[in-house]
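J.: Here is a sequence with its predicted model. Questions after.
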Amino acid sequence: MKVFKVLAILTMVLILTISCEKKLSEMEYYQSATEAFNKQDFEKSIDFFKKIIKHYPESQRASDALFMLGYINANHTNDLEAAEKYYKEFIEKYPDSELADDAQYELDHLGKDINELPIFKDSFEDTPPAQPASN
């Protein structure tokens, strides 16, 4: 019986601790996310971007956060499944966004090597072969 009481108390303390998490402003989450991104702390950046979506789902920063979640997962953590999920959600929620075409491009080329991208293939084909140096 004593063990049950201790477990009940610990559970209540844990619930109170989690529920008392300080909610930041949308801008504070965004600044924290971009600072973490710039420091290449991608997991922390992802966490802050997710909090924007959770706490401020209808805000302008929510669309930016959703795009960045796709971008970070595709280009930095190599979690292509998560990247695809976030890009598809972005396109569905924000089809008129100026980033919608970028999200679709990223989706279309997800997981491809940079040398496989059409934009680079065309520029490599247009470049004449290097000429040997003459003495």
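T.: Good, I have the coordinates.
J.: shaky segments in this protein?
T.: The chain contains residues with pLDDT under 70 at 1, 3-21, 117, 119-135.
J.: how does it look with 50?
T.: For the chain, residues meeting the criterion pLDDT under 50 lie at 18.
J.: In it, what residue spans correspond to helices?
T.: Using DSSP state H, the helices assigned to the chain run over residues 2-19, 26-38, 42-55, 60-75, 80-93, 100-108, 118-126.
J.: Kindly reformat those helices as TSV containing mean neighbour count.
T.: Heads up, the C-betas are built off the backbone N, CA and C, glycines and all. Output for the helices of the chain, formatted as TSV (neighbours: other CB atoms under 10 Å):
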stretch	mean neighbour count
helix 2-19	9
helix 26-38	17
helix 42-55	18
helix 60-75	21
helix 80-93	18
helix 100-108	16
helix 118-126	9
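J.: gap between the residue nearest to the spatial centre of the chain and Lys2?
T.: Against the mean C-alpha coordinate of the chain, by CA atoms, centre = their mean, the closest residue is Leu69 at 1.5 Å. As judged by CB to CB, to the nearest Å, Leu69 and Lys2 stand 46 Å apart.
J.: Check Phe48 too.
T.: For Phe48, the distance to Lys2 - CB to CB - is 42 Å.
J.: go on, Gly70?
T.: For Gly70, the distance to Lys2 - CB to CB - is 51 Å.
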